[in-house]
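> No sequence on hand, only this structure:
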């Protein structure tokens, strides 16, 4: 019986090692493009920020013409797209009827994107309790200050919810 215990113990250790190595392999080490989340009162407006983490010399972020920033147009409407922290919006298109937008923001010379790259102003048009995913379907260009196209990144989508009792 002790031989069987040794074999089972060895199999258990091998299985755990394989599981742990698979978990480590699944960790994203590249940049992350993060869409913020927000709660809005019915009819209210608010801002959601898109940030880029893990890339200290970000020069540009382009979502479109292939990729899109998407939202449920029955829940929120996009009112404005503005650059943050030195990033400038060079092009943008908002299609509230279709529930999408595209944009190009850049910072000549490169800068950190962790403090926010672009700010989107949203207006709540849906009913109390409704919510919408705020998603980036894909990124057309993510470039560092040397003009290198970054292709290894993760997109983390946000959410907007229409909720009562927002504020003090």
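Arrived safely. Quantities reported herein were computed from a predicted structural model and do not represent experimental measurements.
> Roughly how far does the residue nearest the centre of the chain sit from residue 109?
Centrality entry for the chain: nearest residue to the mean C-alpha point is residue 34, 2.8 Å, by Cα atoms, centre = their mean. Distance of residue 34 to residue 109, computed by Cβ to Cβ, to the nearest Å: 23 Å. In this view, the C-beta of every residue, glycine as well, is placed from N, C-alpha and C.
> Might you list the low-confidence residue ranges for the chain?
Counting by pLDDT under 70, the chain contains low-confidence ranges at 1-29, 165-168.
> mind listing what the lengthiest strand in it pairs with, with the direction of each?
In the chain, taking DSSP state E as the definition, the longest strand is strand 100-111. Partners of strand 100-111 in the sheet, by DSSP bridges, are strand 58-63 (antiparallel), strand 69-70 (antiparallel), strand 88-95 (antiparallel).
> Tell me the buried residues in the next helix or strand after that strand?
Per DSSP states H and E, the first helix or strand lying C-terminal to strand 100-111 is strand 118-124. The neighbour-count check on strand 118-124 (16 or more other Cβ atoms under 10 Å) flags 118, 119, 120, 122, 124 as buried.
> Could you dump the residues you listed into TSV with distance to residue 62 added?
Compiled in TSV, the buried residues of strand 118-124 are given as follows (distance: Cβ to Cβ, whole Å):
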residue	distance to residue 62
118	11
119	17
120	15
122	21
124	28
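> between those, which is nearest residue 80?
The shortest approach to residue 80 among those belongs to residue 120, at 7.3 Å (Cβ to Cβ).
> who's in contact with the residue nearest to the centre of the chain?
With contact set as Cβ atoms under 8 Å, 6 or more residues apart in numbering, residue 34 has these partners: 50, 51, 52, 53, 156, 158.
> Now with 10 Å, please.
Applying Cβ atoms under 10 Å, 6 or more residues apart in numbering, we find residue 34 in contact with 49-53, 113-114, 116-117, 136, 154-158.
> Where do the helices of this protein begin and end?
Taking DSSP state H as the test, the helices found in the chain are 2-25.
> how is it carved up into domains?
1-29, 32-162 (automatic domain parsing).
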